[in-house]
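**Student:** Fold the following.
(chains A and B)
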Amino acid sequence: MSSSKKVKISLQGLSKVFGNKAQAMLPYLEQGIDRATMLAKYNHVLALNNITMDLHENSIEVIMGLSGSGKSTLIRHINRLIEPTAGKIIVDNEDVCQFNKSQLSDYRRQKTAMVFQNFALLPHRNIIDNIAFGLKVQGKKEAFIKEMSNYWLERVGLQGFAQKYPAQLSGGMQQRVGLARALACDADILMLDEAFSALDPLIRADMQDMLLMLQQELHKTIVFITHDLDEALKLGDRIAILNQGQLIQQGNAQSILMHPANDYVQKFAADVSRVNILKVKAVMSKTIPALTNQKIIHVREEDTIKSVLHDFLSADAQYALVLGADGQAKGCIDAGKLAQIVNQ
Amino acid sequence: MSWSEFPSMSRADLRAMRQSIDESFREFSQQYGDALETFFDPLLDFLIFSEKLLLNTPWPIMIIVCACLVYLASRSYKMVIGVVLALMSVGYLGMWDDTMRTLSIISVCTLIAIMIGIPLGIAMAKSNKVQSVVSPILDVMQTMPSFVYLIPVVMLLGIGKVPGLIAVIIYALPPVVRLTNLGLREVDKSVMEAAQAFGCSSWQTLTSVQFPLALPSIFAGINQTIMMALSMVVVASMIGVKGLGQPVLKAITNQYFAMGLLNGLAIVVIAIIFDRVSQHYGQRIQKHRQGNLHE
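**Tutor:** Numbering: from 1, shown residues only, chains lettered A, B, ... in the order given. Predicted coordinates:
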């Protein structure tokens, strides 16, 4: 499914070193120096180390990692808030790093929009003017700005708050303004930098649902940064895991959970309630044995383990036949295997 | 040679050095003094115009204009009543003309200080190099005893309004520059980043984000500049600036206590009016930033 999507953003050999003589550090990078050594020996911080990955259009691409993993640095390369030390950033087949000042401004105005962890709203402007900010910078006509900003004010559920100031709103509402401000720009690429991390769990779930719902009609390239694997699994069409400035693994939720690339990913995955996320497709056995007189139920391959478990218990079944979308049997799973997965 | 005495230049050398500096400056002032004076002529015209305007306007109109300005800035009737009463008592005690002269020169000084100071502050905020050059100059301007720079100014331009104005501006300029710089630099980095991410040009960032958010700090700077300009009124009167400073100077030399006190109080009245009005205005424009009505 994801393989049919076109590449929107392509990062090629991206490295970032913070320090006075960043360029001089590149040879050491090629020799495979690690972060701690570089800091101790040369007093430079290795933020990103040779990152190569593609981000697809019309999908939510999650970039995940703990603090210090370089994820916020990475996302800021996409709109060049941070300049790379080495490597290329290709967006729609154009090298962003080759843009001059005005091309870069245009690119930021038209193609990208960003939502920030700490909202970063303009405290001296009311909500509707905050939402209109990106459109004003784009230089759109007043009537259009007014129409669009009112539309997005309503879409994020803040009708009636147009004349309030950011300081008068709760955190969740402020981030809705941040989201509306970004969406109003109608940019292809939407970047969310830990956008929901500062919110409490209920509001956070609301915002996640809102984002998923909006994405179904907007079909944007969403780059979503988070440190929370649950959030990553819920939102991400694909997830890229960063550690110490290196890309560890990129893939969909099923492959991250079933085939963690190393111990680091494994540790992450261990904390997640797998039954809610894993699909039966990922754990079934592809061979279908001859049917016996055991009690058999039918489940679909996109069902989660949790719902299959529910089906098993309510039907008191021993054995399930997994059907594809076309109704054909694709594989099977038995109660023993299911119990084993739940216990993992 | 004993250690209790610092090894200094010989007297003759020192005298020669001072003389050569004095000579060359005198030559410079003879050569360029007139040209400089003509250069400052428009400024002088403007000073005379503003003084005449304030002096020739009938006093009731002056008081009404002041009251209106105070109301526009502060939206407080108490302030307006206080200002009207204060101006009336100053007039009743025979200091109306001097007060108007001082008001005129302070207004012009403030205007010029803002016109120079805010762009300079912006330049400092934009570039660390500019800041590292301008900062020490501001330190010198603030700490150098004003009499010292009165000497070259008087040598160049003689006695009168313009040298007085220059002396006042040199002394009063630093706060507005410093606080503009500080205010712009202290704008929340994340908001600046957001502006950048949405593709603002540096001019757009300055006008729509940085400057409005720095306004409270800039207003504090303007306020300080006005206060410092007022404190220079007496010194400026020594080189011929008319106004409340001259009677104070006369009172010092002749030991007229009451005269000094009354004129001093009139300066205080002007100071309080300027201060309260600019502070109220500063608070009013940032009201939305506090008031967390929602929670």
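**Student:** From now on I want contacts and neighbour counts done on CA atoms only, so please keep to that.
**Tutor:** Will do.
**Student:** Go ahead and confirm A:Gly236 touches A:Glu61.
**Tutor:** Yes - because the distance of 5.6 Å satisfies C-alpha atoms under 8 Å, A:Gly236 is recorded as touching A:Glu61.
**Student:** what residues does the stretch 101-250 of chain A put near chain B?
**Tutor:** Proximity of the stretch 101-250 of chain A to chain B is confined to A:104-109, A:112-114, A:116, A:118, A:120-124, A:134, A:137-138, A:165, A:167-170 under the rule C-alpha under 8 Å from any C-alpha of the partner chain.
**Student:** of A:Gly236 and A:Glu61, who's got more company?
**Tutor:** A:Glu61 (26 against 23; other C-alpha atoms under 10 Å in any protein chain shown).
**Student:** Show me what the helix or strand hosting that one is in contact with.
**Tutor:** With secondary structure defined by DSSP states H and E, A:Glu61 is part of strand A:59-64. With contact meaning C-alpha atoms under 8 Å, 6 or more residues apart in numbering or on different chains, strand A:59-64 is reached by A:55, A:71, A:219-229, A:232, A:235-242.
**Student:** ok, the residue most central in space within chain B - contacts?
**Tutor:** Among the residues of chain B, the one closest to the centroid is B:Ala172, at 3.6 Å (C-alpha atoms, centre = their mean). By C-alpha under 8 Å, 6+ apart, the contact set of B:Ala172 is B:113, B:142, B:224-226, B:228-229.
**Student:** Mind doing that once more with 7 Å?
**Tutor:** When contacts are counted by C-alpha atoms under 7 Å, 6 or more residues apart in numbering or on different chains, B:Ala172 touches B:225, B:228-229.
**Student:** A:Leu299 should be in a helix, yeah?
**Tutor:** For the record, residue A:299 is Val, not Leu. No - counting by DSSP: H, G, I helix; E, B strand; the rest coil, A:Val299 is located in no helix; its state is strand.
**Student:** which ones are touching the nearest residue to it once chain neighbours are set aside?
**Tutor:** On the basis of C-alpha to C-alpha, 6 or more residues apart in numbering or on different chains, the spatially nearest residue to A:Val299 that is not a chain neighbour turns out to be A:Val322, at 5.0 Å. Residues near A:Val322 by C-alpha under 7 Å, 6+ apart: A:298-301, A:329-332.
**Student:** Mind listing the residues bridging to A:Thr304?
**Tutor:** Going by DSSP bridges, A:Thr304 is paired in beta bridges with A:Lys279.
**Student:** quick check, distance from the helix or strand harbouring A:Lys267 to the centre of its chain.
**Tutor:** Using DSSP H and E, the element containing A:Lys267 is helix A:263-270. From the chain centre to the centre of helix A:263-270 is a distance of 18 Å (C-alpha atoms, centre = their mean, to the nearest Å).
**Student:** With stretch B:221-228 instead?
**Tutor:** Going by C-alpha atoms, centre = their mean, the spacing between the C-alpha centre of stretch B:221-228 and its chain's C-alpha centre is 6 Å.
**Student:** ditto for stretch B:215-223
**Tutor:** In this view, stretch B:215-223 has its centroid 13 Å away from the chain centroid, taken as C-alpha atoms, centre = their mean.
**Student:** average pLDDT across that stretch?
**Tutor:** Rounded to a whole number, the mean pLDDT of stretch B:215-223 is 90.
**Student:** quick one: contacts of that stretch?
**Tutor:** Contacting residues not belonging to stretch B:215-223 are listed as B:175-176, B:179-180, B:183, B:275, B:278, B:282, B:286 [C-alpha under 7 Å, 6+ apart].
**Student:** I'm done for today, thanks for sticking with me.
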